[in-house]
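Participant: My questions are about this predicted structure, shown below with the sequence.
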Amino acid sequence: MDGFLRVLSAVLGWTYFFLWSISFYPQPILNHERKSVAGTTIDFPLINSFGYVCLLATNLAFYASPLIRAQYAARYHGLTPTVRLNDIAFALHALLISILTLSQYSLPRLWRFPPTSSSSTRPSRFILGCIAGGTLSVTAFALLVLAHPAPRPALAWCELDLVYAVGYVKVLVTLVKYAPQILANRRNRSTRGWSIWQILLDVGGGAASIAQLGIDSYLQRDWSGVTGNPVKLAIGNASVFFDCVFMFQHYVLYREDAGRKEDDGDGERARLLDAADDAGFA
């Protein structure tokens, strides 16, 4: 039975890697096809890039640092962290694609995009504040840990807790990064410009990630595999929740409005082209 569960855990891990990784592509592809980032905001790829820097650092520490793994074992009954190679591969890939998507907003000329409204390409104060707050919090905690080294990591703050702090920043990023786009969809009364495919893939990846974490903890016969990896658990659950919000907006709230807005936009574009032909500008 354990052998089957180990195989299933590996399958789920690479399934979530595949689904979550593929979920990053529909939005930049859609932006490229439309030659525009209108209808979306720079907030999402900007804070996503920041968040995946944190996640990659956390996963690498749990997976490859002898010090962090030893402190984890001292605190959690001799167990090893439930971070797998697919977790590192996902975080690295997600960071690279997030930076690529960010470049579509910050470097539109590189992509040959026409000028767009500043609301799409200018970060909000809220998101900039989250990035600054997360950076300052981790820096302050690092100074605190380094200034007071713990002789017994199981009972006091140590480098392991610093790794957790970096991971919690990623959790907070996941909790707030969807808010600007949800509000933009509400303001526009449409999900046009926002790829629903990334959401459908994301919800599947979130479910697979949570399932893998549960199986790995069961195989250790200790649910500290879950409590010891709260970052993965929180990210999976938060992603599924917000994905459901986006699907509700797309398929229920703004389904007709999105279709009507797209039709109106096509009609207006055609009228402008006809007017240009009549005026001799084409």
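Facilitator: Ah, there it is.

Participant: Chain neighbours aside, what residue packs nearest to the most centrally placed residue in the chain?
Facilitator: Closest residue to the average C-alpha location of the chain: N48 at 5.2 Å, with CA atoms, centre = their mean. Nearest residue to N48 in three dimensions, chain neighbours excluded: S98, at 4.3 Å (CB to CB, 6 or more residues apart in numbering). From N, CA and C alone the C-beta is placed, and that goes for glycine too.

Participant: Show me what the helix or strand harbouring N185 is packed against.
Facilitator: Element membership of N185 [criterion: DSSP states H and E] is helix 179-188. Packing partners of helix 179-188 (3 or more CB pairs under 8 Å, 6 or more residues apart in numbering; DSSP states H and E): helix 43-64, helix 125-147, helix 230-248.

Participant: Next one, pLDDT for the closest residue in space to D2 that isn't next to it in sequence please.
Facilitator: Computed as CB to CB, 6+ apart, the closest residue to D2 that is not its neighbour in sequence is L219, at 6.1 Å. With respect to pLDDT, L219 has a value of 86.

Participant: The chain should start at 872 in everything you say after this.
Facilitator: Shifting the count to begin at 872 puts that one at L1090.

Participant: about what we covered before: and of the helices and strands packed on helix 1050-1059, who's closest to A941?
Facilitator: helix 914-935 (11.7 Å; CB to CB).

Participant: Give the buried residues for the next helix or strand after the closest one.
Facilitator: Note on helix 914-935: by DSSP H and E, the next helix or strand toward the C-terminus is helix 937-946. By neighbour count on 16 or more other CB atoms under 10 Å, the buried set for helix 937-946 is 939-940, 942-943, 946.

Participant: ok, of those, which one's closest to A1013?
Facilitator: Looking across the buried residues of helix 937-946 and measuring by CB to CB, the closest to A1013 is I939, at 13.8 Å.

Participant: dump the residue contacts of that closest one.
Facilitator: Listed by CB atoms under 8 Å, 6 or more residues apart in numbering, the contact partners of I939 are 932-933, 952, 1030-1031, 1034.

Participant: Can you tell me which of those residues is nearest V1047?
Facilitator: Closest to V1047, out of all of those and judged by CB to CB, is V1034, at 21.2 Å.
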